[in-house]
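>>> got a structure for you, letters missing:
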């Protein structure tokens with residue numbers, strides 16, 4: 001592409017606003033890893049021998065869920081504003097996220113205002129609200145409707 005004012009061939013900007021979508025869904029795959037020691041990564045297979053190729057994953061379970069049903073109150077990654085998800089598999093499959101009793105309106109309000117609302121703490125210092133309990137308290141909601149985040153357990 002040449003010239004300063006030419007537009008790229010593909011427009012990557014969203015053309016529909018967030019509130020104009022019928023829903024926001026996550027499509028996911030849960031699987032089990034197989035033993036990496038049984039896979040020879042240097043071996044080549046012909047297409048006709050595809051069924052002979054050992055897989056590095058097995059036990060596929062596919063799911064679809066509305067984002068607010070499996071959302072956490074934490075960002076998905078440290079350097080972006082991605083919405084994080086819960087990570088306990090049974091909660092993901094049952095849609096038992098932190099917002100599931102509060103509802104989609106609380107989810108939208110929380111994430112549209114994530115890190116933008118500033119309050120004073122007990123010592124008088126200001127802090128940004130970045131957790132659901134503080135946000136629901138600030139908005140005067142019922143904090144008993146928050147599903148607690150499951151504790152993380154390292155898989156060995």
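Noted; the coordinates are in hand. All values reported here derive from a predicted model rather than from experimental measurement.
>>> when you work out contacts or count neighbours from here on, use the C-alpha atoms and nothing else.
OK.
>>> count the neighbours of residue 31 for me.
Taking other Cα atoms under 10 Å as the criterion, the count of residues near residue 31 is 12.
>>> what of residue 73?
Residues lying near residue 73 (other Cα under 10 Å) number 23.
>>> now do the helix or strand hosting it: distance to the chain's middle.
Element membership for residue 73, per DSSP states H and E: strand 71-75. With Cα atoms, centre = their mean, to the nearest Å as the basis, strand 71-75 stands 7 Å off its chain's centre.
>>> quick one: buried residues of the next helix or strand after it?
As assigned by DSSP H and E, the chain's next helix or strand after strand 71-75 is strand 83-85. Judged by neighbour count using 16 or more other Cα atoms under 10 Å, the buried positions of strand 83-85 are 83, 85.
>>> tell me which other helices or strands strand 83-85 touches.
Packed against strand 83-85 by the contact rule (3 or more Cα pairs under 8 Å, 6 or more residues apart in numbering; DSSP states H and E) you find strand 71-75.
>>> contacts for the strand it packs on, please.
For strand 71-75, the external contacting residues (Cα atoms under 8 Å, 6 or more residues apart in numbering) are 81-86, 97-99, 130-132, 149.
>>> mind listing what the strand holding residue 73 pairs with, with the direction of each?
strand 83-85 (antiparallel) (DSSP bridges).
>>> buried residues, the strand holding residue 73. List them.
Here strand 71-75 shows 71-75 as buried, counting by 16+ other Cα under 10 Å.
>>> per-residue confidence at residue 6?
Confidence at residue 6, expressed as pLDDT, is 46.
>>> residue 144 is in contact with residue 100, correct?
No. With contact defined as Cα atoms under 8 Å, residue 100 does not count as touching residue 144 (11.9 Å).
>>> neighbour count winner among these two?
Taking other Cα under 10 Å, residue 100 and residue 144 do not tie; residue 100 has more neighbours (18 against 11).
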